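predicted model and sequence follow; I will ask about them next.
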Amino acid sequence: MTEIIEAIKRSALRISKAIVEEEFGYEGSINTCGEEQLKLDVLSDKIIEEELFKASSIKKIASEEKSEETQFHEDGKYLVAYDPLDGSSLVDVNLSVGSIFGIYEKTWSGKNLVASAYIVYGPRVELVVATVKAERFILRNGEFEFMQELQLEQKGKLNAPGATQKYWYPHHKALVESLFQEGYRLRYSGGMVPDLHQILVKGGGLFSYPGTEDKPQGKLRKLFEVFPFANIYEKAGGEAIDATGRRLLELNCNSLHETTPCFFGSHYEVAKVKEYYAKKA
Ligand code: AHG
Ligand code: MN
Ligand code: MN
Ligand code: MN
């Protein structure tokens with residue numbers, strides 16, 4: 001596992017440099033999710049693939065930017081799924097973006113996720129790794145220095161309501177309204193990594209990417225985005241559920257790019273999701 005974390009750190013150094021120095025623009029191709037690929041999506045994917053390949057413990061990889069999995073080392077123990085550049089469309093407006101990694105054993109499923117990590121490329125570069133605990137590191141002088149163990153409060157104060165409000169189902173509207181009435185501060189940049197990082201670091205709250213009329217199964221992908229953050233939120237003392245109230249890490253994944261509605265947060269806020277979604281206004 002250590003060699004995989006080291007590969008993630010090397011990737012972070014290279015991608016943070018590429019974000020600043022490489023040219024922007026579109027690659028002129030579409031990924032499996034039907035998204036136009038940015039040059040930086042493809043470059044970040046290539047960097048991570050190169051660095052992960054150096055870890056002999058990896059049997060195969062799967063990427064948001066690749067339609068199929070890629071075989072690595074025959075007798076490797078781990079399967080690594082990653083989103084090479086999350087929120088990539090925010091780079092050209094100079095907002096924070098990230099990379100997300102899920103480390104699995106045997107099969108691609110929530111139950112078999114054994115560790116996860118993400119990198120935030122913002123005013124600073126940070127790394128959060130969740131094996132037993134959720135630990136935060138900051139990049140200083142080319143090295144990742146340990147900062148703190150992340151711990152969510154029972155009840156937080158930030159709300160990232162997710163998705164495009166126009167398509168919210170009434171029960172999601174009612175949930176968001178109830179949090180607004182309780183004085184939660186709205187924090188939504190449209191980048192999953194900084195939006196979830198902020199809630200983790202600032203003591204808690206709720207991040208939602210719900211099912212909507214236009215995307216009933218949500219937009220965020222189980223293997224590359226949802227399961228990795230579900231693990232991190234649980235290791236930080238929080239919860240991560242789907243729209244039926246099930247633990248996200250209990251879900252299977254029948255195809256590499258499968259999505260699910262997802263809610264990540266402190267216990268109090270996740271209980272409210274269950275309350276409003278059970279009512280289904
Ligand atoms: P990606 O850039 O890897 O495709 O992911 C973007 C995701 C995620 O970062 C964010 O939470 C979500 O897109 C925002 O979606 P909307 O633009 O529909 O709000
Ligand atoms: Mn994308
Ligand atoms: Mn993403
Ligand atoms: Mn992405």
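Received, thanks. Worth saying up front: this structure is predicted, and the values here are computed from it rather than measured. Ligands and ions are numbered 1, 2, ... in the order given.

list phi and psi for the residue of the stretch 151-281 of the chain found nearest ligand 3.
For the stretch 151-281 of the chain and ligand 3, the shortest gap (Cβ to the ion) falls at residue 225, measuring 5.0 Å. Just so you know, the C-beta spots here come from the backbone N, C-alpha and C atoms, and that holds for glycine as well. When quoted as degrees, to the nearest 10, the phi and psi of residue 225 stand at phi -130, psi -50.

isn't it up against residue 196?
No. Between residue 225 and residue 196 there is no contact under Cβ atoms under 8 Å: 9.5 Å.

how far away is the spatially most central residue of the chain from residue 132?
When Cα atoms, centre = their mean is applied to the chain, the residue found nearest the centroid is residue 225 (3.6 Å). Distance, residue 225 to residue 132, using Cβ to Cβ, to the nearest Å: 22 Å.

equivalent analysis for residue 223, please.
For residue 223, the distance to residue 132 - Cβ to Cβ - is 22 Å.

residue 53 versus the residue in the stretch 1-150 of the chain positioned nearest to ligand 3, what's the distance?
In the stretch 1-150 of the chain, the residue that lies nearest ligand 3 is residue 86 (3.5 Å; Cβ to the ion). Using Cβ to Cβ, residue 86 is found at 21 Å from residue 53.

pull up the distance across stretch 47-59, start to finish.
Across stretch 47-59, the terminal residues are separated by 18 Å (Cα to Cα, to the nearest Å).

what count of nearby residues applies to the closest residue to ligand 1 within the stretch 151-281 of the chain?
Of all residues in the stretch 151-281 of the chain, residue 192 sits closest to ligand 1, at 3.4 Å by Cβ to the nearest ligand atom. Close neighbours of residue 192, defined as other Cβ atoms under 10 Å, add up to 26.

grab the nearest non-local neighbour of it.
Nearest in space to residue 192, with sequence neighbours left out and distances taken as Cβ to Cβ, 6 or more residues apart in numbering, is residue 86 at 5.5 Å.

my read: that neighbour touches residue 194, true?
No. Assessed by Cβ under 8 Å, residue 86 is found out of contact with residue 194, at 9.2 Å.

quick check: neighbours shared by the two?
Both residue 86 and residue 194 are contacted by 97-98, under the criterion Cβ atoms under 8 Å, 6 or more residues apart in numbering.

in the lengthiest helix in the chain, what's buried?
Secondary structure of the chain per DSSP state H: the longest helix is helix 2-21. Burial within helix 2-21, assessed by neighbour count using 16 or more other Cβ atoms under 10 Å, is assigned to 4-5, 7-16, 18-19.

and if you look at stretch 179-195?
So for stretch 179-195, counting by 16+ other Cβ under 10 Å, buried means 179, 184, 187-189, 191-195.

can you map out the helices along this structure?
Using DSSP H, the helices of the chain run over 2-21, 39-53, 170-181, 192-201, 227-235, 267-279.

redo the ones you listed as a markdown table? Include mean pLDDT and distance to residue 101.
Shown next, in a markdown table, are the helices of the chain (pLDDT from 0 to 100; distance: least, Cβ to Cβ, whole Å):
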| stretch | mean pLDDT | distance to residue 101 |
| --- | --- | --- |
| helix 2-21 | 97 | 6 |
| helix 39-53 | 97 | 8 |
| helix 170-181 | 97 | 29 |
| helix 192-201 | 98 | 11 |
| helix 227-235 | 98 | 6 |
| helix 267-279 | 97 | 24 |
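
which non-adjacent residue is nearest residue 32?
Using Cβ to Cβ, 6+ apart, the closest residue to residue 32 is residue 67 (4.4 Å).

check contacts around that neighbour.
Counted by Cβ under 8 Å, 6+ apart, residue 67 has contacts 31-32, 256-257.

can you report phi and psi for it?
The phi/psi pair for residue 67 (degrees, to the nearest 10) is phi -70, psi -30.

for the nearest residue to residue 129 once chain neighbours are set aside, name its beta-bridge partners.
Of all residues not flanking residue 129 in the chain, residue 117 sits nearest, at 4.5 Å (Cβ to Cβ, 6+ apart). Using DSSP bridges, the beta-bridge partners of residue 117 come out as residue 101, residue 129.

rewinding a little: farthest pair within the buried residues of stretch 179-195?
179 and 193 (21.6 Å; Cβ to Cβ).

that's all I had, so thanks and see you.
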